[in-house]
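Undergrad: Give me a model of this one.
(one chain, ligands or ions: 2)
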Amino acid sequence: MTVYGLWIDYEYCTGCKACEIACQQEHGFDTEELGIQVLEQLMNGGQTYNFMPIPTDLCDLCTERVQREGRPSCVHHCMAKVMEFGPVEDLARRMSQKPRSVIWAPKPRPRDQRPFDGADTGGSAQ
Ligand code: SF4
Ligand code: SF4
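TA: Ligands and ions are numbered 1, 2, ... in the order given. Model (predicted):
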C-alpha cells in the first residue's frame, strides 16, 4: 500500500501562515483549530527566525480534496512552494537533496475519529 505524506522545506519557509489559513478554510475549522501550525524559532541571538510548519492531529492529508483536486489545500496555497504532497518514497528522494526538510505522514482519519469530535470544545467541528 502506498503511504502518502507532506514534504516541507524549512529552509525557504517564509512563515506567512497561508498554510494554516488554507487548512482552516478547507475543513471549516474555527480560529482555535489548526490542521497545521507554523512554529517560530528565534536564532542567532535574535537576528533571524526559523519557521517550522508542523501538521497536527487534525491533519487528514486533505483526503477528500486530494480525490477531487489532486493535492492538499496547504500545498496549493503555499506561495513559497516549499510543500509537496505525494508517496513518501518520492518525497524521500526529494528530501535527500534538501537536508533542512522533513516528511510528515499523518494517518488519514475519518471525520468521526478526530480527537475533538464528541467533545464539548465550543468549536464548529462537523
Ligand atoms: S504557506 Fe508555505 S511559506 Fe507560508 S508558512 Fe506555510 S509552509 Fe511556510
Ligand atoms: S494536508 Fe490538508 S489537512 Fe493536512 S495540514 Fe495540509 S491542508 Fe491541513
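Undergrad: Hmm, residue 26 and residue 62 touching each other?
TA: Yes - using C-beta atoms under 8 Å, residue 62 is in contact with residue 26, at 6.4 Å. For every residue, glycine as well, the C-beta is placed using N, CA and C.
Undergrad: Give the intersection of the neighbour lists for the two.
TA: 72, 73 (C-beta atoms under 8 Å, 6 or more residues apart in numbering).
Undergrad: between those two, who's got more neighbours?
TA: Using other C-beta atoms under 10 Å, the more surrounded residue of residue 62 and residue 26 is residue 62, with 25 against 17.
Undergrad: If you drop the residues flanking it in sequence, what lies closest to residue 71?
TA: Excluding the flanking residues, the one nearest residue 71 by C-beta to C-beta, 6 or more residues apart in numbering is residue 85, at 5.0 Å.
Undergrad: Checking my notes, that neighbour in a strand, right?
TA: Yes - assessed with DSSP: H, G, I helix; E, B strand; the rest coil, residue 85 lies in a strand.
Undergrad: hey, what's it bridged with?
TA: Beta-bridge partners recorded for residue 85 (DSSP bridges): residue 6.
Undergrad: Pull the number of nearby residues for residue 18.
TA: Residue 18 sits with 18 neighbouring residues when counted by other C-beta under 10 Å.
Undergrad: Those residues of this protein touching ligand 2, which are they?
TA: Applying C-beta under 6 Å from any ligand atom, we find that the chain lies next to ligand 2 at 6, 22-23, 26, 35-36, 55, 59-62, 72-74.
Undergrad: Strands - which of these land there?
TA: 6, 36, 55 (DSSP state E).
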